[in-house]
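K.L.:
How does the following fold in three dimensions:
(2 chains)
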Protein chains: 2
Amino acid sequence: MSKKCFGVDVGGTTVKLALVSENGHIEDMWEIPTRTESDGSQIIPDICDALKAKMQEKGLGMQDILGIGMGVPGPVLEDSTVDGCINLGWGRKQAGRELSEGMGGLPVAVGNDANVAALGEQWQGGGKGHASMVMVTLGTGVGGGIILDGEILGGKTGGAGEIGHINCVAEEDLDEANCNCGNHGCLEQIASATGTVRFARKVLRESDMPSILRDKEDFTAKDVYDAAKAGDTAAAHVIRRVTGYLGQALAGIAAVVDPEIIVVGGGVSKAGEFLIRQTAEKFRACAFNQQKHIPIVLASLGNEAGVIGASRMIMNQCGEDTAP
Amino acid sequence: MSKKCFGVDVGGTTVKLALVSENGHIEDMWEIPTRTESDGSQIIPDICDALKAKMQEKGLGMQDILGIGMGVPGPVLEDSTVDGCINLGWGRKQAGRELSEGMGGLPVAVGNDANVAALGEQWQGGGKGHASMVMVTLGTGVGGGIILDGEILGGKTGGAGEIGHINCVAEEDLDEANCNCGNHGCLEQIASATGTVRFARKVLRESDMPSILRDKEDFTAKDVYDAAKAGDTAAAHVIRRVTGYLGQALAGIAAVVDPEIIVVGGGVSKAGEFLIRQTAEKFRACAFNQQKHIPIVLASLGNEAGVIGASRMIMNQCGEDTAP
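P.N.:
Next up, the predicted model:
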């Protein structure tokens, strides 16, 4: 058995594609633009064209491909129906069936992109060697994924692992603006890159704590973390509070699913061990008994997590018994 | 296939035992005292004696019994090792193996009592007809259980579903006392029966809100709920806040596991629809998108949930394909 898989990670501007061996090695990885015009009707045909061209280029036949895994930026129901992807122009769509039909009937598995990336990290990244894992992704928004027994927990409506929308932020730490989801108090509103900047502005506005951030016309979440690392008073206060919410939320998740490991990824996680250490401190204060010792580590696959996780997802579906 | 199961629910003062048919009907249910002396070494022999006597009474042979499910008041590891039950005097113990050996090698499944009761409610109670469910039990403490695809989510260390120890209560709503687990801020500290009474005392002490509770020397959580239902100002404030924390915590859990239904049980749940309505109000304000519509219902099995869930657990383990 040395079949290969295709991993596909559909984003709002580009689609990442990869040919992945059954041990998780990326043999080839490339991108195509995401054509969102006409309700995104060209996206799947474009993917089919790209995959077929790659098979021809590599001299691969249908019998060499186990199947195709695909992550999409929206909820995926238990029966693999995509339940709308605003960024792609998709409403409810049988995306898996369409892709399979376009690829001569190859098996296809579809999952939410954050969940699929979590599966990639569990298989080959920060969570490698652990059957159950919670992943939180700190980027423009805050996403996540729950892996149990090496499988994605998708949930009834495709909404499991929506860690960013745990409602946990105190009124006093928020502006009047709502979260993108329409609620007020979501973790995303303070722990995302944009949320951290917004909170830092609020702290600067409402306090007289000294800060080098006051000299900048504009600043990013990275600037706030860098300033905090350098001992900046206001920035350190901001990051202590942001990582406090994050650590407390992760402790709550741990009380519910009791995972083996917690992995932190996304652009903000480039703040590295500083972020992990502060998050873990609050986590250990809030976590239940034996869960206090759950390791919290950085993600390690970067942009490859999606295609690697997508490959693992189709292997799981096809019952491939590869090394965990 | 009309084999029967034994369901066993081990508590700190009594052990409940039941003979359960494969469709979930309790054919007989009785209790024996829990002998916790000598590190609880007599508990399993006592259970074996009771089950054997029942088999003789009913004229049942080994071939008539599919197996035994047992819920215990402590964490149970993935390999069925009981990881300490303080109330029973047990340390780490191979309770399942001991019970099986005492019962002539019958299959045995062991789970945490709160998780097992949740499985009972999912199979035959408030969650009937739903494959995934979150249960929260409001009693002296706050417990819970997560059921996914008709199976208990136990977690790596047996600590999944520890909803009562989600850290979410604001400092201002707590006394200095810590939770039984040693942390400060656990949901249990405000939503348990004892927590609700403690919080009510604090509100009465620190405010001048009128309340009939002020005339009582001593009161219970039921008194607080009853007063709130009757429009008592302070009690209504207390219950709004308690159910607010509960609803918010349940919304966070829903964002993580995206269940089909949420079931509320335990002694405090006798407050009924009043409790559910107030909890659901906050839940729907805090929950993510489509999860806002997850039904929140009352548990319906009462004290039978444990033995029914224990029976289902052994059926699951033995691969019995009974109606969900």
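K.L.:
All the strands of chain A, residue numbers only.
P.N.:
Taking DSSP state E, the strands of chain A run over residues A:4-10, A:14-21, A:26-33, A:65-72, A:82-85, A:90-93, A:108-112, A:133-138, A:142-148, A:151-152, A:261-265, A:296-298.
K.L.:
where does the stretch 201-324 of chain A have low pLDDT?
P.N.:
Low-confidence segments of the stretch 201-324 of chain A, defined by pLDDT under 70, are located at A:320-324.
K.L.:
residues in it within reach of chain B, list them.
P.N.:
The interface of the stretch 201-324 of chain A toward chain B, taken as Cβ under 8 Å from any Cβ of the partner chain, is made up of A:248-249, A:251-260, A:285-291. In this view, the C-beta of every residue, glycine as well, is placed from N, C-alpha and C.
K.L.:
Which helix runs longest in chain A?
P.N.:
helix A:233-257 (DSSP state H).
K.L.:
Can you spell out which helices and strands pack onto that helix?
P.N.:
Under the contact definition 3 or more Cβ pairs under 8 Å, 6 or more residues apart in numbering or on different chains; DSSP states H and E, helix A:233-257 sits against strand A:133-138, strand A:142-148, helix A:188-191, helix A:193-206, helix A:221-229, helix A:273-286, helix B:233-257.
K.L.:
JSON lines for those, including mean neighbour count and distance to A:S311?
P.N.:
As requested, these are arranged in JSON lines below (neighbours: other Cβ atoms under 10 Å in any protein chain shown; distance: least, Cβ to Cβ, whole Å):
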{"stretch": "strand A:133-138", "mean neighbour count": "30", "distance to A:S311": "17"}
{"stretch": "strand A:142-148", "mean neighbour count": "28", "distance to A:S311": "15"}
{"stretch": "helix A:188-191", "mean neighbour count": "28", "distance to A:S311": "28"}
{"stretch": "helix A:193-206", "mean neighbour count": "19", "distance to A:S311": "28"}
{"stretch": "helix A:221-229", "mean neighbour count": "21", "distance to A:S311": "31"}
{"stretch": "helix A:273-286", "mean neighbour count": "19", "distance to A:S311": "27"}
{"stretch": "helix B:233-257", "mean neighbour count": "24", "distance to A:S311": "25"}
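K.L.:
Quick one, which of those gets closest to A:G102.
P.N.:
strand A:142-148 (26.9 Å; Cβ to Cβ).
K.L.:
For that closest one, give the mean pLDDT please.
P.N.:
Strand A:142-148 shows an average pLDDT of 96 in the prediction.
K.L.:
Equivalent analysis for stretch A:172-186, please.
P.N.:
Stretch A:172-186 shows an average pLDDT of 95 in the prediction.
K.L.:
Flag every buried residue along that stretch.
P.N.:
Across stretch A:172-186, burial judged by 16 or more other Cβ atoms under 10 Å in any protein chain shown covers A:173-174, A:179, A:181, A:183-186.
K.L.:
from these, which two are the most distant?
P.N.:
Greatest spacing in these, by Cβ to Cβ: A:D173 and A:C181 (17.7 Å).
K.L.:
Quick check: the residue of the stretch 101-250 of chain A nearest chain B.
P.N.:
Among all residues of the stretch 101-250 of chain A, A:G155 sits closest to chain B, at 2.4 Å; criterion: Cβ to the nearest Cβ.
K.L.:
Phi, psi for that residue please.
P.N.:
Note on A:G155: its backbone torsions stand at phi 90, psi 170 [degrees, to the nearest 10].
K.L.:
So what's the residue count around the nearest residue to it once chain neighbours are set aside?
P.N.:
Ranked by Cβ to Cβ, 6 or more residues apart in numbering or on different chains and with sequence neighbours excluded, the top spatial neighbour of A:G155 is B:D258, at 2.4 Å. A total of 27 residues lie near B:D258 under the criterion other Cβ atoms under 10 Å in any protein chain shown.
K.L.:
now the one 5 residues further on
P.N.:
Taking other Cβ under 10 Å as the criterion, the count of residues near B:V263 is 31.
K.L.:
check contacts around the residue nearest to it when sequence neighbours are not counted.
P.N.:
Distances taken as Cβ to Cβ, 6+ apart put B:G126 closest to B:V263, at 4.0 Å, once the chain neighbours are dropped. Taking Cβ atoms under 8 Å, 6 or more residues apart in numbering or on different chains as the contact definition, B:G126 lies against B:135, B:261, B:263-265, B:297-301.
K.L.:
Same check on A:T220?
P.N.:
Residues near A:T220 by Cβ under 8 Å, 6+ apart: A:193, A:197.
K.L.:
Check the stretch 201-324 of chain A for the residue nearest chain B and tell me.
P.N.:
For the stretch 201-324 of chain A, Cβ to the nearest Cβ, closest residue to chain B: A:D258, 2.5 Å.
K.L.:
Which residues of the stretch 51-200 of chain A lie near chain B?
P.N.:
Neighbours of chain B within the stretch 51-200 of chain A, by Cβ under 8 Å from any Cβ: A:75, A:132, A:146, A:148, A:153-163, A:165-168, A:170, A:181, A:183, A:185.
K.L.:
tally of neighbours for A:H293?
P.N.:
9.
K.L.:
just the one 4 residues further on next, same as before
P.N.:
Residue neighbour count, defined by other Cβ under 10 Å, stands at 19 for A:V297.
K.L.:
Name the nearest residue to it, sequence neighbours excluded.
P.N.:
Among residues not flanking A:V297 along the chain, A:G126 sits closest, at 4.8 Å (Cβ to Cβ, 6+ apart).
K.L.:
again, but for A:G74
P.N.:
Distances taken as Cβ to Cβ, 6+ apart put A:C85 closest to A:G74, at 3.5 Å, once the chain neighbours are dropped.
K.L.:
Quick check: the one you found touching A:G40?
P.N.:
Yes. In terms of Cβ atoms under 8 Å, A:C85 counts as a neighbour of A:G40; the distance is 7.5 Å.
K.L.:
Compare those two and say which is more crowded by neighbours.
P.N.:
For A:C85 and A:G40, the more surrounded residue by other Cβ under 10 Å is A:C85, and the numbers stand at 24 against 21.
K.L.:
which residues does that one bridge with?
P.N.:
With DSSP bridges as the criterion, the beta-bridge partners of A:C85 are A:W90.
K.L.:
so how far is chain B from it?
P.N.:
With distances taken as Cβ to the nearest Cβ, to the nearest Å, A:C85 is found 14 Å from chain B.
K.L.:
what's near enough to touch that residue?
P.N.:
For A:C85, the contacting residues are A:10, A:40, A:72-74, A:93, by Cβ under 8 Å, 6+ apart.
K.L.:
do the same with A:V10
P.N.:
Per Cβ under 8 Å, 6+ apart, neighbours of A:V10: A:34, A:43, A:47, A:70-73, A:85, A:88, A:113.
K.L.:
Check A:C318 too.
P.N.:
Under the criterion of Cβ under 8 Å, 6+ apart, the contact list for A:C318 reads A:66-67, A:107.
K.L.:
chain center to stretch A:155-172, what's the gap?
P.N.:
Between the centre of stretch A:155-172 and the centre of its host chain there is 14 Å, according to Cα atoms, centre = their mean, to the nearest Å.
K.L.:
quick one: furthest residue from the center of chain A?
P.N.:
Distance from the C-alpha centroid of chain A, by Cα atoms, centre = their mean, peaks at A:D208 (36.1 Å).
K.L.:
For that residue, what are phi and psi?
P.N.:
A:D208 adopts backbone torsions of phi -110, psi 30, taken as degrees, to the nearest 10.
K.L.:
how far away is it from A:A227?
P.N.:
A:D208 sits 16 Å away from A:A227, going by Cβ to Cβ, to the nearest Å.
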